[in-house]
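> Fold the following and give me the result.
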Amino acid sequence: MDSAPAGSQGAGTAVASEASARNRGAGADKTMSMREAIAAFVHDGDTVCLEGFTHLIPTAAGHEIIRQGRRNLTVVRMTADIVVDQMLAGGCVSRLVSSFVGNSSAGSLGELRRRVERADPEPLVFEEYSHHGMVCRYLAGAQRLPFHPLRSYAGSDLTKVNDGLRKVTSPYPGPDGEPEQIYVVPPVNPDVTIVHAQRADRSGNTQVWGLTGVQAEAVYAARTAVVVVEEVVDDEVVRSDPNRTVIPAHAVDAVVECPRGAHPSFAQGYYDRDNAFYRAWSAISKDPVRLREWMAEWVYGTKDHAEYTAKLGEEFWASLAVGEAMSLPVNYGRRL
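Residues are numbered from 1 along each chain as shown. Alright, predicted model coming up:
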C-alpha cells in the first residue's frame, strides 16, 4: 500500500491560485456556473475533497468532473458512496482516501469493489482511516498542523494496513509520570474542496442546517474551495441568521447555484432522499455493461445538472417534496 499522505498539489495549482487571488475578497461576487468552477479549480492529478454527510452530498459536482474528463485524481471523502462509484466508472480516480465505503445502507458499490478486489479494469489505491481519524486529518489540515493525535487506533487492525498511522512520544508525562506513546494521523490539504450546502450569498458566506458534518474543516484544509448551493440569496438573508453561516466568504473561491445538486441524497428543507435510487444502484453498478449504459444516459448524455434534473421530471421531484418544519425566529437585538 502506498501510504504517502494525500494532499500533494496537482497540475492546476498556478491557474487555481490565480483565480483564488482574484476571488477571495470577502465582498467579491464569486458566482459561476458548475462548468466554469470545475474547469477553474479541478485539474488532472489534483487531490479533490468531496464532503457532505448523509445529506448535501456534492453529486452534481462529481458528475461535472466526469463530463470534463478529469484523470488521476485523489478523492478524499469520509463516506465514499455512490458519487465516488460513479467517478470511478468515469475513469477519474486513481486513489481514494476514506473511512467508509458502501451504498449508504442500501447495498454495495460495484465499480469500487471491482477495482479493489480484482483491479478491474485497473487498480485503485485505497487509503483507509476511521471516521475519527479522518476528522482529525481535516482538523490538522485546517490548522496547518504536522499531525493530529488520537487514542482510538490502539488495538485497531487499521495500523496493519495503513503505514500512515504513526506513533509519537508525548512531550508531557502521562498519568504514571512517564512519557506516553500516542497515535497520530497526518494532515490532509486538498488542492480543492467541494461541498454542497443549502444557501450562500454571492460572496460565499455559506449557510448549512441539519447534519453539518466536516464541511467547514474540509474547506479550511484546502488550498481552494467551491461551494455548491441550492440557492444564492441576498446578503440580508444571511445577515438575518448569522449563526447558520458555517463557512465564511473569506474561505470560498467559487459559489455555484445548482438546485437539486445533491440527488440522490437530500438537502434538508429542500427535498428528500431518493431511497429507490439507492436501492437500485447496487444492481446497476454490479453489472459493468448496465453501469456504462447508465453513465452514458445520465451523465455523459446530459449537458449539465439542470438537464439531469429535468430528465427526471417534475412528477418525480414532487414525490421527493418536503413539508415545512420552520425554525422559530431569533431576536438578535439591535441598538435603538
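> and the end-to-end length of stretch 318-327?
23 Å (CA to CA, to the nearest Å).
> Which positions in that stretch come out as buried?
Within stretch 318-327, the residues scored as buried using 16 or more other CB atoms under 10 Å are residue 320. C-betas here are computed from N, CA, C, even on glycine.
> Quick check: mean pLDDT of it?
Stretch 318-327 shows a mean pLDDT of 96.
> Residue 30: neighbour count?
26 (other CB atoms under 10 Å).
> ok, now residue 334?
Count around residue 334 with other CB under 10 Å applied: 5.
> Next: residue 87.
Residue 87, neighbours per other CB under 10 Å, totals 27.
> Over to residue 152?
With other CB under 10 Å as criterion, residue 152 counts 13.
> Enumerate every residue touching it.
Going by CB atoms under 8 Å, 6 or more residues apart in numbering, residue 152 touches 130, 132-133, 183.
> before we move on, what about residue 55?
210-211, 262, 265-268, 273.
> do that again at 7 Å, thanks
Counting by CB atoms under 7 Å, 6 or more residues apart in numbering, residue 55 touches 210-211, 262, 265-268.
> circling back to that earlier point, report the buried members of the contacts of residue 152.
Using 16+ other CB under 10 Å, the buried ones in those are 130, 133, 183.
> Relative to residue 81, which of the residues you listed is nearest.
Checking the buried ones among the contacts of residue 152 against residue 81 by CB to CB gives residue 130 as the nearest, at 16.9 Å.
> ok, now which ones touch the closest one?
99, 152, 158.
> Reformat the residues you listed as a markdown table; add distance to residue 43, pLDDT and secondary structure.
Converted to a markdown table, the contacts of residue 130 look like this (distance: CB to CB, whole Å; pLDDT from 0 to 100; DSSP: H, G, I helix; E, B strand; the rest coil):
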| residue | distance to residue 43 | pLDDT | secondary structure |
| --- | --- | --- | --- |
| 99 | 25 | 95 | coil |
| 152 | 35 | 87 | coil |
| 158 | 31 | 91 | helix |
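> Closest one to residue 232 out of the residues you listed, please.
Among the contacts of residue 130, and counting by CB to CB, the member closest to residue 232 is residue 99, at 31.7 Å.
> so what's the residue lying closest to residue 173 once chain neighbours are set aside up against?
Among residues not flanking residue 173 along the chain, residue 179 sits closest, at 6.3 Å (CB to CB, 6 or more residues apart in numbering). Contacts for residue 179 (CB under 7 Å, 6+ apart) come out as 169-170, 173.
> So which of the residues you listed is surrounded by the most neighbours?
Of the contacts of residue 179, with other CB under 10 Å as the count, residue 170 tops at 12 neighbours.
> follow-up on the earlier one: the buried ones among the contacts of residue 152 in strands, which ones?
residue 183 (DSSP state E).
> which residues in the stretch 151-300 of the chain form helices?
Using DSSP state H, counting those that start in this stretch, the helices found in the stretch 151-300 of the chain span residues 158-161, 215-221, 235-240, 275-286, 288-298.
> which residue sits closest to residue 322, ignoring its sequence neighbours?
residue 272 (5.5 Å).
> Same question for residue 88.
Per CB to CB, 6+ apart, closest to residue 88 is residue 111, 4.6 Å.
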